[in-house]
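Asker: next input, structure requested:
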Amino acid sequence: MNDIPNLDDLIRMALLEDVGDGDHSTLACIPPTARASAKMVAKQDGIICGMEVGERVFQFVNDEFYHCQVPIKVTSLKKDGEAVIKGDILMVIEGASGVILTAERTALNFMQRMSGIATETHKMVQMLDGLHTRLLDTRKTTPNMRLLEKYAVKCGGGTNHRIGLYDMIMLKDNHIDFAGGIEAAIDRTHAYLKEKGKKLKIEIEVRDLDELQRVLEHGGVDRIMLDNFDVETLREAVRRIDGRYETEASGGITEATLRPYAETGVDFISVGALTHHIKSLDISLIKN
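Answerer: Residues are numbered from 1 along each chain as shown. The predicted structure is shown next:
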């Protein structure tokens, strides 16, 4: 989690959104000196993710919202990426009762969503067993949560695509249309990278075999995204590319169709649903 530099900022914003000018439910009935122990429990099987985030939420509330002199103690019993089963205790929290109650929902919100992503990713990665195809995420992420959600994909065994618009060139259909065609888009991209002194991989999207042929004749890319191809057309496209470029399939690929698409020999399959259409893992916090 050290490669997520804005984690504390994300936690602070999430807590301010939830707490506002105070957790009045807790403040109203829990004495400031009350102390308690609670445990976080998995309510269903899955892949856990976000343990460190949850721990930091409790510490953050303790130190910056309640300014407790006595540190809160969080004991994590699982690690990110581990499989859990219903009933497993994930962590034990000991400290001020008010801190535990105020931090509970924010910690769970982070962990449930991240664990849901890791669980779904793991499920789909298992479906690729025995094939060389790798499962990719996309930029279809929750605003400000991208690094956490992509971290969850990695915990589930998936592979991160580009992080944002800055770390890879992706010439999609609109770029190509606005630039005046495939060849113009590729040539302008190379001129831009040379001018700026940047070394970025270039991926280009094609919508049919005719566009693919134009890319193959022109060259100048690292990966070809084959968008919304059916399985047989994708198989033909991979055959024509013949290893000259990395290949990626995208567009509406689901659990039901993942394996047939992968069996075409495509290198990557990107699935936006990994981060924008998942069910959170059921986790709860209860008093010890």
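
Asker: just the strands in this structure please.
Answerer: Residue ranges of the strands in the chain, as given by DSSP state E, are 35-42, 46-47, 73-76, 83-84, 89-96, 134-136, 169-171, 202-206, 223-227, 246-250, 268-270, 283-287.

Asker: need the winner for burial among those.
Answerer: Stretch with highest mean neighbour count among the strands of the chain: strand 46-47 (a mean of 26; mean count of other CB atoms under 10 Å). Backbone N, C-alpha and C define where each C-beta goes, glycine included.

Asker: mind listing what's buried in stretch 160-178?
Answerer: H161, R162, I169, M170, L171, H175, I176 (16 or more other CB atoms under 10 Å).

Asker: quickly list what the fifth one is bridged to.
Answerer: This points to L171. Applying DSSP bridges to L171 gives these bridge partners: I204.

Asker: ok, it - contacts?
Answerer: With contact set as CB atoms under 8 Å, 6 or more residues apart in numbering, L171 has these partners: A179, A185, I186, T189, I202, E203, I204, E205, V221.

Asker: swap in 7 Å and give it another go.
Answerer: A185, T189, I202, E203, I204, E205 (CB atoms under 7 Å, 6 or more residues apart in numbering).

Asker: touching, L136 and F268? I think so.
Answerer: Yes. Using CB atoms under 7 Å, L136 makes contact with F268 at a distance of 5.0 Å.

Asker: and the angle for the longest helix along the chain with strand 89-96?
Answerer: Ranked by residue count and defined by DSSP state H, the top helix of the chain is helix 97-126. Angle, helix 97-126 to strand 89-96, by axes from the mean of the first three to the mean of the last three CA atoms, to 10 degrees: 160 degrees.

Asker: buried sites along helix 97-126?
Answerer: 97-122, 124-125.

Asker: follow-up on the earlier one: ok, the contacts of L171 vs Y151, which is closest?
Answerer: Nearest to Y151 out of those is E203 (CB to CB; 22.2 Å).

Asker: what about the closest one, distance to M170?
Answerer: Computed as CB to CB, to the nearest Å, the E203 to M170 distance reads 5 Å.

Asker: same question, K78
Answerer: Applying CB to CB, the value for K78 to M170 is 36 Å.

Asker: same question for F178.
Answerer: 14 Å.

Asker: how about R259, what does it touch?
Answerer: M127.

Asker: can I get the strands of the chain in a markdown table with distance to E55 and mean pLDDT?
Answerer: Formatted as a markdown table, the strands of the chain follow (distance: least, CB to CB, whole Å; pLDDT from 0 to 100):
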| stretch | distance to E55 | mean pLDDT |
| --- | --- | --- |
| strand 35-42 | 10 | 97 |
| strand 46-47 | 18 | 98 |
| strand 73-76 | 4 | 98 |
| strand 83-84 | 16 | 98 |
| strand 89-96 | 7 | 98 |
| strand 134-136 | 28 | 98 |
| strand 169-171 | 35 | 98 |
| strand 202-206 | 37 | 98 |
| strand 223-227 | 38 | 98 |
| strand 246-250 | 36 | 98 |
| strand 268-270 | 32 | 98 |
| strand 283-287 | 13 | 98 |
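
Asker: make CSV out of those and add distance to E217.
Answerer: Shown next, in CSV, are those (distance: least, CB to CB, whole Å):
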stretch, distance to E217
strand 35-42, 54
strand 46-47, 44
strand 73-76, 55
strand 83-84, 48
strand 89-96, 55
strand 134-136, 27
strand 169-171, 16
strand 202-206, 12
strand 223-227, 13
strand 246-250, 17
strand 268-270, 23
strand 283-287, 53
